[in-house]
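Peer 1: sequence and predicted structure, then a few things I'm wondering about:
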Amino acid sequence: MTLPMTYTDHSLAVYMQALLGPIADIAGIVVGESDPGDFTAHIDQIKLELGTADLSGVTDLKSVRAFGSYFAWILAVERLAPLYSLKFEGTALERQQIYEHARQRFALAEYRLLRHDSAYSVDRQRAAEEE
């Protein structure tokens with residue numbers, strides 16, 4: 001798969017759904033044929049964060065993908081939150097593990113996003129060595 005030169009709302013939603021993999025199916029996250037589907041509100045938020053009304057004009061694809069990952073995992077965590085563990089007649093269903101996995105991936109996406117957000121950037125300086 002080659003990297004796109006730009007994203008549209010729909011192509012970013014497709015990327016976000018692919019990023020979630022089978023978690024998207026479990027959480028019931030759907031992308032429309034030509035629209036962002038369940039990612040619509042999150043893509044609107046990405047546009048606000050990037051200060052644009054149209055993603056096709058954004059050239060910083062690293063930031064677009066970092067925000068896409070962050071908001072994809074937010075949606076997954078929101079949808080998976082009601083999952084629970086169930087034990088019945090010797091059978092255990094541990095669907096809560098899926099939620100915990102999504103929370104861990106969200107935390108990783110948030111950490112990666114901080115590298116692309118100038119509001120959170122930190123400059124590191126090496127201390128002068130004493131002679």
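Peer 2: It's in. From a predicted model like this one, the values you see are computed outputs, not experimental measurements.
Peer 1: what secondary structure does Glu110 sit in?
Peer 2: Put simply, Glu110 is helix when judged by DSSP: H, G, I helix; E, B strand; the rest coil.
Peer 1: for it, what are its contacts?
Peer 2: Contacts here follow C-beta atoms under 8 Å, 6 or more residues apart in numbering; on that basis Glu110 touches Tyr70. C-beta: built from backbone N, CA, C; applies to glycine.
Peer 1: from Val77, how far off is it?
Peer 2: Glu110 sits 11 Å away from Val77 when distances are taken as C-beta to C-beta, to the nearest Å.
Peer 1: now do the contacts for Arg79.
Peer 2: Per C-beta under 8 Å, 6+ apart, neighbours of Arg79: Ala27, Gly28, Ile29.
Peer 1: would you check the residues you listed and say which has the weakest pLDDT?
Peer 2: Within the set of the contacts of Arg79, pLDDT is lowest for Ala27 (88).
Peer 1: number of nearby residues for it?
Peer 2: A count of neighbours around Ala27, defined by other C-beta atoms under 10 Å, yields 21.
Peer 1: isn't it up against Gln17?
Peer 2: No - judged on C-beta atoms under 8 Å, Ala27 makes no contact with Gln17 at a distance of 10.2 Å.
Peer 1: give me every residue that touches Ile43.
Peer 2: Contacts of Ile43 by C-beta under 8 Å, 6+ apart are Asp9, Leu12, Ala13, Pro36, Leu55, Phe71.
Peer 1: 10 Å instead, please
Peer 2: By C-beta atoms under 10 Å, 6 or more residues apart in numbering, the contact list for Ile43 reads 7-10, 12-13, 16, 35-37, 55, 67-68, 71.
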